[in-house]
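1. Predicted model and sequence below, questions to follow.
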Amino acid sequence: MKDEMFGTERLEKFAGENKNLSPKSFIDKLLIEQSSFLNGFPHNDDLTIMAIKRI
């Protein structure tokens, strides 16, 4: 793995592509995306995710 972060740009792109998912599905898919990005490497920091559905 290169020495790079998941990053804001990657998160914004992910959010735009998945904005129609339910909050739970969005978080589940984001965790899968993060795991794929890490490619088996453990993450070295805390992880907090919150999704809010606007109605």
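-> Thanks, I have it.

2. mind listing the helices in the chain by residue range?
-> Applying DSSP state H to the chain gives helices spanning 8-17, 23-38.

3. ok and the last one relative to helix 8-17, angle-wise?
-> For helix 23-38 and helix 8-17, the angle between their directions (axes from the mean of the first three to the mean of the last three Cα atoms, to 10 degrees) works out to 140 degrees.

4. so what's His43 closest to, chain neighbours aside?
-> Nearest residue to His43, sequence neighbours excluded (Cβ to Cβ, 6 or more residues apart in numbering): Gln34, at 7.6 Å. Every C-beta, even on glycine, is put in place using the N, C-alpha and C of the backbone.

5. quick revisit: okay, the helices of the chain, which one's buried deepest?
-> helix 23-38 (a mean of 13; mean count of other Cβ atoms under 10 Å).

6. who touches that one?
-> For helix 23-38, the surrounding residues in contact (Cβ atoms under 8 Å, 6 or more residues apart in numbering) are 1, 6, 10, 14-15, 18, 21, 43, 47, 49, 51-53.
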